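Peer 1: model this:
(one chain, ligands or ions: 2)
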Amino acid sequence: MKNNIDAFLDLVKERNGHEPEFLQAVEEVAETVIPYIVKHDIYYGKNILLRMVEPERLISFRISWVDDQGEIQVNRGYRVQMNSAIGPYKGGLRFHPTVNASILKFLAFEQVFKNSLTTLPMGGGKGGSDFDPKGKSDNEIMRFCHAFMSELFRHIGPNTDVPAGDIGVGGREIGFLFGMYKKLRNEFTGVLTGKGMSWGGSLIRPEATGYGTVYFAEKMLSTKGDDLKNKNVVVSGSGNVAQFAVEKSLQLGAKVLTMSDSSGYIYDVDGIDTEKLAHVMELKNVKRARISEYLKKYPNAEFVEGKTPWGVKCDIALPCATQNELNENDANTLLGNGCICVSEGANMPSTKDAITAFHKAKILFAPGKASNAGGVATSGLEMTQNSLRFNWTREEVDNKLKEIMSNIHDSCIEYGKDEDGYIDYVKGANIAGFVKVADAMLAQGIV
Ligand SMILES: NC(=O)C1=CN([C@@H]2O[C@H](COP(=O)(O)OP(=O)(O)OC[C@H]3O[C@@H](n4cnc5c(N)ncnc54)[C@H](O)[C@@H]3O)[C@@H](O)[C@H]2O)C=CC1
Ligand SMILES: O=C(O)CCC(=O)C(=O)O
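Peer 2: Ligands and ions are numbered 1, 2, ... in the order given. Sure thing, here's the model as predicted:
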């Protein structure tokens with residue numbers, strides 16, 4: 001007879017067979033949460049996980065807009081409203097040509113557990129479009145964002161669903177989206193997070209995901225009496241999360257060797273210091289150039305085309321680009337090179353086999369839903385400040401962020417410590433995230 005996990009996964013596969021990323025995310029959760037459910041009568045037999053894998057609502061819509069040549073373009077937009085048991089749907093918007101229902105469902109599913117871990121009252125959602133921002137003018141980006149919001153506005157609201165940024169959606173896009181929402185609704189509310197400082201944003205929100213990822217690495221290292229000082233760190237990505245993961249690593253005394261984008265990675269043997277990071281920020285946030293341009297100013301660095309940076313010897317790896325960017329071979333290479341700690345800044349950057357390799361080697365490994373939760377947590381703090389009509393200082397927000405990351409770390413230990421003392425942060429994050437949402441769902445009945 002099939003065990004509970006296989007029977008459950010068969011059913012999910014039957015319904016979602018054509019959605020590999022979603023199935024990957026569900027499998028990882030099921031393998032750790034189902035054994036917990038089986039041992040706890042209050043959850044057993046209630047089909048809670050089966051309810052959690054079905055989005056409460058999945059909205060798909062047409063976005064028509066006009067490009068700079070006067071051509072009419074058509075893209076597909078989505079919002080996946082996954083679970084609202086503990087608060088309004090909350091999660092980012094991704095603009096990238098690979099966006100489809102599978103990717104957004106995996107992200108929305110992860111978001112439910114992540115948001116629960118933050119201890120703040122936020123349900124889980126995610127959205128976006130297959131629109132490719134690469135090479136588009138500011139005016140095209142504005143017209144697209146306005147067209148996107150002209151449909152999304154009817155499905156969201158400050159007490160219903162509060163989107164934010166993700167890949168391809170940063171401060172510029174949130175501004176255009178907010179402008180159209182305000183015009184259509186004729187109200188100024190905290191309907192989006194990641195807003196500009198003069199119109200409802202929170203200090204530290206731009207930094208929060210990257211900073212939080214490094215705070216989490218620091219907490220993991222502290223369980224071994226260690227820290228980031230003088231450690232060699234390899235980072236993938238060069239967007240929002242990667243930039244601030246590098247900044248915090250430098251502040252804590254580490255040496256950062258790499259950054260990357262979809263064209264390849266740069267390896268700077270002298271280290272990417274604060275001045276060089278400022279140049280990367282200028283290249284990526286203002287010039288919107290490729291990472292290889294770094295070599296024009298810093299010719300001592302190397303550019304390795306079409307490759308990820310996991311072959312570079314390091315103590316700590318911070319994958320901050322995208323899903324499935326670190327596979328089993330990469331994991332074995334990192335382990336062979338003496339890597340002791342992996343803290344995921346991106347969502348699901350490590351494949352299932354890579355995670356198994358990290359666990360077998362018993363190194364410190366944090367899944368994104370725990371280690372990158374600082375971003376959405378600070379979005380939660382932005383929502384609080386909007387409700388209070390008040391702004392906290394940089395120091396106040398940063399302290400709250402640190403405290404939240406520390407609480408998440410404690411929850412992972414509470415639910416993830418194995419008999420031999422090894423902390424399985426995947427198990428810990430999944431069970432801790434599940435318990436709070438499941439309790440709320442049980443209290444609210446079958447809806
Ligand atoms: N922005 C946020 O607050 C949060 C973001 N994340 C996750 O962090 C990751 C990065 O997001 P952001 O930095 O916000 O986006 P971004 O748009 O600012 O940067 C994305 C980065 O990933 C790289 N990238 C994208 N596709 C790639 C590919 N196929 N191969 C290699 N590199 C690729 C880009 O070149 C860029 O460096 C994503 O997985 C996102 O879901 C997670 C939590 C919060
Ligand atoms: O800040 C938010 O609401 C969303 C952040 C996000 O998309 C994520 O945690 O993956």
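Peer 1: Quick check, the residue in the stretch 51-200 of the chain closest to ligand 1?
Peer 2: Ile167 (4.0 Å; CB to the nearest ligand atom). Where C-beta positions appear, they are placed from N, C-alpha and C, glycine not excepted.
Peer 1: Let me see the contact set for that residue.
Peer 2: Shown in contact with Ile167 (CB atoms under 8 Å, 6 or more residues apart in numbering): 94-96, 239, 322.
Peer 1: Contact residues of this structure facing ligand 1?
Peer 2: 165-168, 170, 209, 237-242, 260-262, 320-322, 325, 345-347, 372, 375 (CB under 6 Å from any ligand atom).
Peer 1: Intersect the residues you listed with the contacts of ligand 2.
Peer 2: Filtering these for neighbours of ligand 2 using CB under 6 Å from any ligand atom leaves 166, 347, 375.
Peer 1: Let's see if you can find the most crowded of those.
Peer 2: Neighbour tally across those (other CB atoms under 10 Å): the maximum, 30 neighbours, falls on Gly375.
Peer 1: Go ahead and confirm Arg51 touches Leu442.
Peer 2: No - using CB atoms under 8 Å as the test, Arg51 is too far from Leu442 to be in contact (10.6 Å).
Peer 1: Please enumerate the helices of the stretch 151-300 of the chain.
Peer 2: 171-185, 205-222, 240-251, 274-281, 294-297 (DSSP state H, counting those that start in this stretch).
Peer 1: Which one of those lies nearest to Tyr78?
Peer 2: helix 171-185 (14.5 Å; CB to CB).
Peer 1: For the residue of the stretch 1-150 of the chain found nearest ligand 2, what are phi and psi?
Peer 2: Closest contact between the stretch 1-150 of the chain and ligand 2, by CB to the nearest ligand atom, is at Gly92 (2.6 Å). Gly92 adopts backbone torsions of phi -80, psi 180, taken as degrees, to the nearest 10.
Peer 1: dump the residue contacts of the closest residue to Gly179 other than its chain neighbours.
Peer 2: Excluding the flanking residues, the one nearest Gly179 by CB to CB, 6 or more residues apart in numbering is His146, at 7.5 Å. When contacts are counted by CB under 8 Å, 6+ apart, His146 touches 65, 176, 179-180.
Peer 1: Sheet partners, orientation included, of the biggest strand by length in the chain?
Peer 2: Identified as the longest strand of the chain according to DSSP state E is strand 72-83. Using DSSP bridges, the strands paired with strand 72-83 in its sheet are strand 57-66 (antiparallel), strand 124-129 (antiparallel).
Peer 1: mean confidence score for the first one?
Peer 2: The predicted model gives strand 57-66 an average pLDDT of 98.
Peer 1: and what of stretch 287-300?
Peer 2: 97.
Peer 1: Just the buried positions in it, please.
Peer 2: 291-294 (16 or more other CB atoms under 10 Å).
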